[in-house]
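[1] Here is my input; please provide its structure:
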Amino acid sequence: MKNLFLTSYFAGTAELFQNYFEGRTVKRKVLFVPTAGKVEEYNLYVEEAMNAFEALEFEIDVLDVSAIDEKAAKEKISDTECLYISGGNTFYLLQELKKKHLIGVIRGKINEGMIYIGESAGAIIASPSIEYNQIMDDKSIATELSSYDALGVVDFYVLP
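    Now for the predicted structure:
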């Protein structure tokens with residue numbers, strides 16, 4: 001069963017996540033991916049999400065996909081029970097995930113029951129494709145992205 005929590009603003013929905021999380025038999029530890037926010041002028045929401053997880057008493061392990069090698073990123077994702085991917089530029093995020101060949105790893109973990117928390121860009125990549133998001137994000141930032149195919153763990157297009 002898929003365990004998805006897709007939101008436009010995690011800090012604003014942290015209480016709902018707490019309700020969603022209660023009763024699950026997983027550790028209060030989250031692998032926190034802030035990569036999408038790195039290329040945005042405004043990215044305070046990343047810090048706010050981190051603060052929200054701290055308030056919920058989660059241990060936070062930060063994984064900037066753009067700053068780590070593929071093997072280490074795959075190991076961290078493979079070992080986690082709870083993955084959070086922040087908002088920011090959706091095209092840059094997808095580019096960095098694809099460069100490290102993480103799409104299949106994340107999709108597989110979601111299909112195995114890992115809790116996936118996607119905020120804004122992190123929610124959009126749950127869709128089959130992110131092409132529709134050109135209205136909100138600048139795709140020219142992702143100069144190495146050749147395909148907009150995303151995780152495809154939902155059969156609809158998220159609009160946070």
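
[2] helices or strands up against the helix or strand bottoming out on mean pLDDT in the chain?
    Least confident element among the helices and strands of the chain, by mean pLDDT, DSSP states H and E: helix 10-21 (a mean of 94). Counting contacts by 3 or more CB pairs under 8 Å, 6 or more residues apart in numbering; DSSP states H and E, helix 10-21 packs against strand 3-7, helix 44-55, strand 115-119. The C-beta positions use only the backbone N, C-alpha and C, and glycine is treated the same way.

[3] looking at these, which is buried most?
    Of all the helices and strands packed on helix 10-21, strand 115-119 has the most neighbours on average by mean count of other CB atoms under 10 Å, namely a mean of 26.

[4] check contacts around the closest residue to residue 128 other than its chain neighbours.
    What sits nearest to residue 128 in space, not counting adjacent residues and going by CB to CB, 6 or more residues apart in numbering, is residue 152, at 4.4 Å. Residue 152 is in contact with 107, 126-129, counting by CB atoms under 8 Å, 6 or more residues apart in numbering.

[5] now with 10 Å?
    Residue 152 is in contact with 103, 107, 125-129, counting by CB atoms under 10 Å, 6 or more residues apart in numbering.

[6] Residue 18 now?
    Going by CB under 10 Å, 6+ apart, residue 18 touches 52, 55-57.

[7] Just the closest of those residues to residue 63, please.
    residue 52 (17.5 Å; CB to CB).

[8] Among the contacts of residue 152, which one has the most neighbours?
    Neighbour counts for the contacts of residue 152, by other CB atoms under 10 Å, peak at residue 125, which reaches 28 neighbours.
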